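>>> pasted the sequence and its predicted model underneath.
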Amino acid sequence: MPVTSYLVAIGSNRRHHRHGLPGDVVAAAMVALSTVGEVERRSTIIRSAAMGPAGRDFANAAVLVRSSLDPPAMLCGLKRLEGQFGRRRGRRWGQRVLDLDIIFWSGGTWQSPGLFVPHPGAAARAFVLQPLSEIAAQWRHPVSGLSVRHLYRRLTAPRPKHRGRACPGGS
């Protein structure tokens, strides 16, 4: 397969025995991702509230990785890294020492058992889009055609307050 690019989201909300706090786990994962390809860009690490029952806040970031791996092989590499960091499969949206997700792929879309690219929840998650917008603001969602910057702004823009207006033709 030719070399393509991936935008990978990184998250942690559990301490690691060697790397330390979640932010340090994310930083170590950014380095470890060199085992699946060349890490070309790294976002800053942000803090975000947990979704669902995960409880503790997360440290989140994103990287741009160039690799000759196809999406299923990249997913296997990411799962292998999660395991090396001590991740064990468990409750959906539970606490985790490391979570790595393929968000976008320069090849467009991919669908196979257990893998959907682009990531189905990405466009609705500011903690994914904020780091992505730092490193790949112009990347476009292969289905909607919207840029990462546009998706992030759409999600985080303040909404004008609706003020009651008279209905047309009403009294």
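Cool, the structure landed.
>>> counting by contacts, list what the longest helix seen in the chain packs against.
In the chain, with assignment by DSSP state H, the single longest helix is helix 71-84. Helix 71-84 sits against helix 22-32, strand 99-105, strand 110-112, strand 115-117, with contacts defined as 3 or more CB pairs under 8 Å, 6 or more residues apart in numbering; DSSP states H and E. Heads up, the C-betas are built off the backbone N, CA and C, glycines and all.
>>> so S43 is in contact with A62, correct?
Yes - between S43 and A62 there is a contact at 4.6 Å, judged by CB atoms under 8 Å.
>>> okay, strands next: where are they in this structure?
Taking DSSP state E as the criterion, the chain carries its strands at 4-12, 38-42, 46-48, 58-67, 99-105, 110-112, 115-117.
>>> the longest one: partners in the sheet, and parallel or antiparallel?
Next to strand 58-67 in the sheet, as set by DSSP bridges, lie strand 4-12 (antiparallel), strand 38-42 (antiparallel), strand 46-48 (antiparallel).
>>> deepest in the core, which of the helices and strands packed on helix 71-84 is it.
Mean neighbour count (mean count of other CB atoms under 10 Å) peaks for strand 99-105 among the helices and strands packed on helix 71-84, with a mean of 22.
>>> quick one: distance of that one to the chain centre.
6 Å (CA atoms, centre = their mean, to the nearest Å).
>>> tally of neighbours for the nearest residue to A62 once chain neighbours are set aside?
Spatial nearest neighbour of A62, chain neighbours left out: P131 (3.8 Å); criterion: CB to CB, 6 or more residues apart in numbering. Using other CB atoms under 10 Å, P131 has 28 other residues around it.
>>> alright, that wraps it up for me.
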